[in-house]
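**Q** fold the following.
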Amino acid sequence: MRDDIQWTNLSQQAISDGLAEYGFEVSRNIAKQLLDNHDYVKRKAQKYKAMGYHRDRNAQFENITSLKQEYLDSLNPILSMDTKKKEYLGNFYREGRLYTQEIIKTYDHDFTSASEGLIIPHGLFDLKRNNGYVFLGTSRDTSEFACDNIARWWQAYGRRHYPEAWSLLLLCDSGGSNNASHYIFKEDLEKLTDRIGIAIRVAHYPPYTSKYNPIEHRLFPHVTRACQGVVFKSIELVRSLIKKTQTKTGLRVFAKIVDRLYLTGRKYAEDFKENMRIVFDVLLPKWNYTAIPGTQSL
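**A** All right, here's what the predicted structure looks like:
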């Protein structure tokens, strides 16, 4: 055994055969014992090491922790938001195993030209109620789509669960449809506050830290498990699978199909920056700001 060897893809039989070439006759069981004795265990690689580090990372994490506690102590909701990996409808292979009476045969190539549609799963997670909401879009993942889904959540659930709310804390990544640098997202947020009538307090997670967004570990892994191995033949099937997602800790998940066309390449209005109702924080304003409804004063 060499100290610089960190892994091997040899099977127990291959190790046994290799030792035999050096004059050591051992069985597969002995090979397994040798692996165990030297702490070799079969493991998957883990996405653990960040590809980058931002100098304001710790300051923003402390700020988010403070904001979460402030809202937990109030009558206001906290939503964690993100978009899950898009999926194609059709007879395509999907990772996972199912109990079946016969082999499930899928296409041997995942060519998108053979797909019957596209699913964009946009998620919201209510931290206080441990509820997840997944909106299955069929068009594009845009800031308008994201903000419309918050409005859908508020109209169907939010205003009933939080009747005395005056503000909403939104936790999200720094890229994608809710990009911290894009003013089209801020303009759509501003329009959203007019629709729901309460302020939206936004806190973005720093770059390379999306895994810390609560939705990433409190909702999406459970949705993935509920759908694993199932061939997505229809969007209605996907919705029914997601609705069945649950955990022993009481997670409930609601799913809705959003069959509306969303356009990419939209630009914010020319006078938006001069007249916007966005209040930027003194601390790290690029990641922290509040959108104010038109009925409220700045």
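**Q** look up how far residue 99 lies from residue 199.
**A** 49 Å (CB to CB, to the nearest Å). The way it works is simple: take the backbone N, C-alpha and C, and place the C-beta from them, glycine included.
**Q** between those two, which has more neighbouring residues?
**A** Ranked by neighbour count (other CB atoms under 10 Å), residue 199 and residue 99 place residue 199 first, with 19 against 5.
**Q** where along this structure do the helices fall?
**A** 12-21, 28-37, 57-72, 143-153, 159-161, 183-196, 214-218, 220-227, 235-243, 272-275 (DSSP state H).
**Q** and the shortest one, what other elements does it pack with?
**A** For helix 159-161, the contact count by 3 or more CB pairs under 8 Å, 6 or more residues apart in numbering; DSSP states H and E identifies no helix or strand as a packing neighbour.
**Q** quick check: mean pLDDT of that helix?
**A** For helix 159-161, the mean per-residue pLDDT is 98.
**Q** contacts only, for residue 159.
**A** When contacts are counted by CB atoms under 8 Å, 6 or more residues apart in numbering, residue 159 touches 165, 196.
**Q** mind checking how far it is from residue 111?
**A** For residue 159, the distance to residue 111 equals 44 Å [CB to CB].
**Q** can you report how many residues neighbour residue 202?
**A** For residue 202, the count of nearby residues is 23 (other CB under 10 Å).
**Q** distance check, it against residue 280.
**A** According to CB to CB, residue 202 stands 10 Å off from residue 280.
**Q** quick one: common contacting residues for those two?
**A** Counting by CB under 8 Å, 6+ apart, the residues touching both residue 202 and residue 280 are 288, 289.
**Q** quick one: contacts for residue 189?
**A** 147, 200, 202, 278, 291.
**Q** if I look at it, how far off is residue 147?
**A** In terms of CB to CB, residue 189 sits 6 Å off from residue 147.
**Q** how about the CA coordinates for stretch 280-292, as PDB?
**A** Taking Å, rounded to 0.1, in the frame of the first residue of the first chain, the C-alpha atoms of stretch 280-292 are listed here in PDB:
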ATOM      1  CA  PHE A 280     -30.600  49.500  -1.600                       C
ATOM      2  CA  ASP A 281     -29.100  48.600   1.800                       C
ATOM      3  CA  VAL A 282     -26.000  50.300   3.100                       C
ATOM      4  CA  LEU A 283     -24.400  46.900   3.700                       C
ATOM      5  CA  LEU A 284     -23.600  45.200   0.400                       C
ATOM      6  CA  PRO A 285     -26.300  46.900  -1.700                       C
ATOM      7  CA  LYS A 286     -25.500  44.800  -4.700                       C
ATOM      8  CA  TRP A 287     -27.000  41.800  -2.900                       C
ATOM      9  CA  ASN A 288     -29.500  43.400  -0.500                       C
ATOM     10  CA  TYR A 289     -32.400  45.700  -1.400                       C
ATOM     11  CA  THR A 290     -36.100  46.200  -0.900                       C
ATOM     12  CA  ALA A 291     -38.800  46.700  -3.600                       C
ATOM     13  CA  ILE A 292     -41.500  49.000  -2.300                       C
END
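**Q** can you pull the buried residues of it?
**A** Using 16 or more other CB atoms under 10 Å as the burial criterion, the residues of stretch 280-292 that qualify are 281, 284, 287, 288, 289, 290, 291, 292.
**Q** kindly report the same for stretch 235-247.
**A** 235, 238, 239, 241, 242, 245.
**Q** in space, what's closest to residue 178 - neighbours in sequence excluded?
**A** residue 172 (4.5 Å; CB to CB, 6 or more residues apart in numbering).
**Q** that older thread, of the buried residues of stretch 280-292, which belong to strands?
**A** Members of these lying in strands (criterion: DSSP state E): 288, 289, 290, 291.
**Q** need the contact list for the first one.
**A** Translated: residue 288. The neighbourhood of residue 288, defined by CB under 8 Å, 6+ apart, consists of 60, 63, 202, 203, 204, 280, 281.
**Q** quickly run through the sheet partners of the longest strand anywhere in the chain, with directions.
**A** The longest strand of the chain (DSSP E) is strand 117-126. With DSSP bridges as the test, strand 117-126 is paired with strand 78-83 (antiparallel), strand 87-89 (antiparallel), strand 131-137 (antiparallel).
**Q** now render the buried residues of stretch 235-247 as TSV, adding distance to residue 118 and pLDDT.
**A** Shown next, in TSV, are those (distance: CB to CB, whole Å; pLDDT from 0 to 100):
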residue	distance to residue 118	pLDDT
235	9	97
238	11	98
239	15	98
241	17	97
242	16	98
245	21	96
